[in-house]
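K.L.:
make a model of this:
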Amino acid sequence: MEWIREGVDSIKSIQLRQTLSQAVNLGLILTSALIIWKGLICITGSESPVVVVLSESMEPGFQRGDILFLHMSKDPLRAGEIVVFNVDGRDIPIVHRVIKVHERQDTGEVYILTKGDNNPKDDRVLYAQGQRWVQRYHVMGRAVGHSFGWLHGIGPHAWELTRWHTLARQMVFISPNTTQELAADGHWTCRFLPYVGWMTIIMTEKPIIKYIIIGALGLLVITSKD
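P.N.:
You can find the predicted model right below:
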């Protein structure tokens with residue numbers, strides 16, 4: 001009976017090594033994702049390089065579920081740009097257009113007023129109590145590209161981005177005077193992106209789903225035999 005006991009111990013040892021190996025693989029995946037995310041933060045200068053539009057306030061330019069790519073340069077903020085900003089007391093950032101820019105002559109501080117394209121009034125009703133302007137430190141980034149239904153590309157001039165909804169199924173780059181259309185044959189299209197945006201909305205509105213998905217993915221990696 002000794003050989004049976006040895007066989008059982010050997011199987012347990014192999015299973016333990018496999019479990020540890022899968023746990024290490026999961027750790028490597030999470031670490032790699034974190035490194036990539038931090039790298040994007042360094043490259044774009046934005047604490048959140050990718051965001052999802054959560055409301056209809058920017059229609060028709062941006063639909064709910066659209067994915068925005070952000071960049072935060074040191075260039076002055078200008079009226080007409082689309083920015084993503086935080087408001088004190090709110091956990092979810094807002095994607096709206098800059099409609100006014102005010103700079104104090106004595107301190108040089110810049111104050112901006114924002115508004116959703118689909119909203120009848122400016123955003124002062126959304127700001128914190130007593131707040132009338134958004135300051136630069138509230139701004140997470142400028143919208144430099146977005147995807148809705150298909151991957152549409154990146155443009156350096158965010159105030160031109162509302163044109164993109166007329167160029168479905170194409171990769172486009174926006175300049176102040178011209179719109180160059182690329183990949184008209186659809187080779188650069190990417191169909192999964194809108195579903196990613198809607199999944200983000202669902203997980204934001206129902207956090208329990210986010211934890212279920214994360215747990216399921218972790219369990220899948222740990223129990224995988226490959």
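
K.L.:
quick one: low-confidence residue ranges for the chain.
P.N.:
1-16, 145-207, 210, 218-226 (pLDDT under 70).

K.L.:
what pairs with residue 71 across the strands?
P.N.:
With DSSP bridges as the criterion, residue 71 is bridged to residue 142.

K.L.:
so who does it touch?
P.N.:
Contact partners of residue 71, counting by C-beta atoms under 8 Å, 6 or more residues apart in numbering, are 44, 45, 46, 49, 141, 142, 144. Placement of C-beta: from N, CA and C, glycine included.

K.L.:
so which residues of this protein form helices?
P.N.:
With DSSP state H as the criterion, the chain has helices at 2-44, 193-205, 207-223.

K.L.:
ok, back up a step: buried ones among the contacts of residue 71?
P.N.:
44, 46, 49, 141, 142, 144 (16 or more other C-beta atoms under 10 Å).

K.L.:
contact partners for the fifth one?
P.N.:
For residue 142, the contacting residues are 70, 71, 72, 73, 77, 81, 82, 83, 84, 158, taking C-beta under 8 Å, 6+ apart as the criterion.

K.L.:
can I get the buried part of those residues as one ChimeraX selection?
P.N.:
Buried members of the contacts of residue 142, defined by 16+ other C-beta under 10 Å, are picked up in ChimeraX with:
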select :70,71,72,77,81,82,83,84,158
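
K.L.:
just the contacts of residue 71 now: which is nearest residue 33?
P.N.:
Using C-beta to C-beta, residue 49 comes nearest to residue 33 of the contacts of residue 71, at 13.3 Å.

K.L.:
got the contact list for stretch 103-121?
P.N.:
By C-beta under 8 Å, 6+ apart, the list of residues contacting stretch 103-121 reads 55-61, 76-77, 83, 85, 94, 96-102, 122-124, 132-136, 139, 162.

K.L.:
which ones among the residues you listed are found in strands?
P.N.:
Among the contacts of stretch 103-121, the ones falling in strands (DSSP state E) are 83, 85, 94, 96-102, 134-135, 139.

K.L.:
how about these in a markdown table, adding distance to residue 29?
P.N.:
What follows is the ones in strands among the contacts of stretch 103-121, written out as a markdown table (distance: C-beta to C-beta, whole Å):
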| residue | distance to residue 29 |
| --- | --- |
| 83 | 33 |
| 85 | 32 |
| 94 | 32 |
| 96 | 35 |
| 97 | 38 |
| 98 | 38 |
| 99 | 43 |
| 100 | 45 |
| 101 | 43 |
| 102 | 46 |
| 134 | 37 |
| 135 | 38 |
| 139 | 32 |
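
K.L.:
and the residues you listed, which two are furthest apart?
P.N.:
94 and 102 (18.8 Å).

K.L.:
quickly list the domain ranges of the chain.
P.N.:
Each domain of the chain is listed here as a residue range: 1-44, 50-204, per automatic domain parsing.

K.L.:
so which of residue 94 and residue 102 has more stuff around it?
P.N.:
residue 94 (23 against 11; other C-beta atoms under 10 Å).
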